[in-house]
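got a sequence here, can you build the structure:
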Amino acid sequence: MLTAPAMIKFLLTLTFAAIAFNPLSSQEHYLLVGTYTGGKSEGIYVYRFNSKDHSHQPVSHIKASNPSFLAISPDQRFVYAVHENGGNHDGGEVSAYRFDNTNGTLQLINTRRTGGDHPCFVDVDKSGKWVFVANYSSGTLSVLPVRPDGSLGEAVTKIQHEGSGTNKDRQAGPHVHATRISPDNKWLFVPDLGTDKLMIYSFDENTGSLKTGSQPYIESEPGAGPRHIDFHPSGKYIYLIEELTGHVVVYLFHDGRLIRLQRVSSLPPDQKGFAGSADIHVSPDGKHLYASNRGNFDNIAIFKIKKDGRLDIKGFQSTLGKAPRNFNFDPSAKYILAGNQDSDEIVVFKRKTGNGLLQDTGDRIAAGKPVCLKWITK
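As a prediction, the model looks like this:
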């Protein structure tokens with residue numbers, strides 16, 4: 001029988017050995033990047049990122065046509081990517097990939113039609129059994145079942161939006177821009193840039209069906225162009241970014257119903273130009289909100305979230321590149337990575353947790369037309 005000191009030494013040896021053979025330490029994560037192909041990109045790229053010192057290195061990539069947006073399954077075994085192509089109102093596709101956590105590689109499982117054109121967003125429900133897809137050009141959305149092996153079945157639900165907006169160039173018809181499932185898995189929120197509405201559907205996770213909510217939608221200001229939303233960790237608030245006007249709208253959320261609390265600009269008051277706002281994220285601690293603006297700004301607006309969910313502007317950070325279509329926190333939330341689509345790189349910023357402001361680390365991750373950043377931590 002081992003003595004107590006020998007037993008401690010033995011257990012420590014096993015612990016260090018487990019760490020040594022673990023492909024990812026607690027500080028290392030996989031960064032997955034969806035892109036527009038052509039130019040410097042061929043598909044989906046995987047990098048290793050260390051949250052301790054923000055070091056990074058390329059791991060793998062898989063060829064795919066315009067995999068512009070990604071979603072990760074709840075168990076992190078599968079990745080779903082839309083292919084932002086179109087034609088005849090049924091040219092869009094979504095693919096399922098198996099992710100190998102030991103070496104950071106992706107393997108294609110299968111591909112399905114999305115029931116529309118130019119799918120630009122994909123999300124997975126909390127059970128991991130359903131995938132939601134937003135088809136931008138056709139103004140449609142669909143729900144596809146996930147099989148036990150991670151593959152996708154044919155869409156079981158398809159919805160066509162109708163209507164238009166006041167901006168004749170951008171809102172001649174419906175343009176579904178996102179499909180976000182609520183934290184309780186009961187409600188699907190669908191911003192439609194073309195109709196100036198945030199649609200609300202009740203979701204049945206047993207059948208994959210969607211029904212119009214008791215509050216079918218909430219309207220944005222005319223010509224606003226609702227694009228993306230994010231949820232506050234408390235579940236009480238939803239934040240919407242308007243692409244065409246650059247405003248952030250704060251909603252009180254309860255049981256599938258929304259009440260507008262505030263609408264505030266994400267643009268510097270002393271600058272003019274087209275907003276082209278793109279992405280929006282609430283910090284994991286619920287204290288700050290960030291929103292990216294492309295157009296004539298190329299920045300991230302930084303807000304403090306007050307106790308009542310409303311926002312106070314804290315500042316603006318240049319993304320040090322062109323067209324920040326997407327950005328995201330690393331799993332430690334110590335960094336924000338901004339994907340500059342038109343300058344082919346991802347800029348790594350350190351996030352000051354006290355005031356939420358960002359500081360350039362000097363690190364850049366080369367990536368052709370990065371438009372979606374996702375993480376796998378296991």
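
please count neighbours and contacts with C-alpha atoms only from this point.
Fine.

V131: what's it in contact with?
Contacts for V131 (C-alpha atoms under 8 Å, 6 or more residues apart in numbering) come out as V122, D123, V124, D125, V143, L144, P145, V146.

for D123, that is, sorry about that
With C-alpha under 8 Å, 6+ apart, D123 has these contacts: L70, A71, I72, V131, F132, V133, T179, R180, I181.

parallel or antiparallel, list what pairs with the host helix or strand of it.
Assigned by DSSP states H and E, D123 belongs to strand 119-124. Here strand 119-124 has these sheet partners by DSSP bridges: strand 130-135 (antiparallel).

quick one: the partner strand to chain centroid distance?
13 Å (C-alpha atoms, centre = their mean, to the nearest Å).

next structured bit after it?
strand 140-145.

if you count contacts, what does the next helix-or-strand element following that next one end up packed against?
Heading C-terminal from strand 140-145, the first helix or strand you meet, by DSSP H and E, is strand 157-160. Where contact means 3 or more C-alpha pairs under 8 Å, 6 or more residues apart in numbering; DSSP states H and E, strand 157-160 is packed against strand 140-145.

pull the residues that contact stretch 289-308.
So stretch 289-308 is contacted by 241, 246, 266-267, 272-283, 286-288, 311-327, 355-357 (C-alpha under 8 Å, 6+ apart).

restricted to buried residues, select those in ChimeraX.
For the buried members of the contacts of stretch 289-308, the matching ChimeraX selection, counting by 16 or more other C-alpha atoms under 10 Å, is:
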select :241,246,266,267,275,276,277,278,279,280,281,282,283,286,287,288,311,313,315,316,317,318,319,320,321,322,323,324,325,326,327,356,357
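
out of the contacts of stretch 289-308, which sit inside helices?
With helices defined by DSSP state H, no entry of these lies inside them.

ranges for the strands of the stretch 201-350 of the chain?
In the stretch 201-350 of the chain, the segments counted as strands under DSSP state E, counting those that start in this stretch are 209-219, 226-231, 237-242, 247-254, 257-265, 277-282, 288-293, 299-305, 311-318, 324-329, 335-340, 345-351.

which parts of the fifth one are buried?
When burial is assessed from 16+ other C-alpha under 10 Å, strand 257-265 yields the following buried residues: R257, L258, R260, R263, S265.

angle of it against strand 209-219?
Strand 257-265 runs at 40 degrees relative to strand 209-219, counting by axes from the mean of the first three to the mean of the last three C-alpha atoms, to 10 degrees.

cool, and the last one?
With the same axes, to 10 degrees as the criterion, the two stretches strand 345-351 and strand 209-219 enclose an angle of 70 degrees.

just how off-centre is strand 345-351 within its chain?
Using C-alpha atoms, centre = their mean, the offset of strand 345-351 from its chain centre is 16 Å.

now swap in the longest one and tell me
Strand 209-219 has its C-alpha centroid displaced from the chain centroid by 22 Å (C-alpha atoms, centre = their mean).

who touches it?
Residues contacting strand 209-219 (C-alpha under 8 Å, 6+ apart): 143, 156-157, 196-204, 256-258.

which residues touch E205?
Going by C-alpha under 8 Å, 6+ apart, E205 touches D125, S127, K129, W130, N185, K186.

wouldn't the fourth one be in contact with G208 here?
Yes. Taking contacts as C-alpha atoms under 8 Å, W130 lies within contact range of G208: 6.7 Å.

now the strands of the stretch 201-350 of the chain in JSON lines, with mean pLDDT and distance to E28?
Listed next are those as JSON lines, based on pLDDT from 0 to 100; distance: least, C-alpha to C-alpha, whole Å:
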{"stretch": "strand 209-219", "mean pLDDT": "97", "distance to E28": "38"}
{"stretch": "strand 226-231", "mean pLDDT": "98", "distance to E28": "25"}
{"stretch": "strand 237-242", "mean pLDDT": "98", "distance to E28": "30"}
{"stretch": "strand 247-254", "mean pLDDT": "98", "distance to E28": "33"}
{"stretch": "strand 257-265", "mean pLDDT": "98", "distance to E28": "36"}
{"stretch": "strand 277-282", "mean pLDDT": "98", "distance to E28": "22"}
{"stretch": "strand 288-293", "mean pLDDT": "98", "distance to E28": "24"}
{"stretch": "strand 299-305", "mean pLDDT": "98", "distance to E28": "25"}
{"stretch": "strand 311-318", "mean pLDDT": "98", "distance to E28": "26"}
{"stretch": "strand 324-329", "mean pLDDT": "97", "distance to E28": "14"}
{"stretch": "strand 335-340", "mean pLDDT": "98", "distance to E28": "13"}
{"stretch": "strand 345-351", "mean pLDDT": "98", "distance to E28": "15"}
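
out of the ones you listed, the one nearest A172 is which?
strand 226-231 (14.5 Å; C-alpha to C-alpha).

for the closest one, which strands pair with it and how are they oriented?
Paired with strand 226-231 in the same sheet, following DSSP bridges, are strand 237-242 (antiparallel).

any weak-confidence spans in the stretch 1-150 of the chain?
Counting by pLDDT under 70, the stretch 1-150 of the chain contains low-confidence ranges at 1-25.
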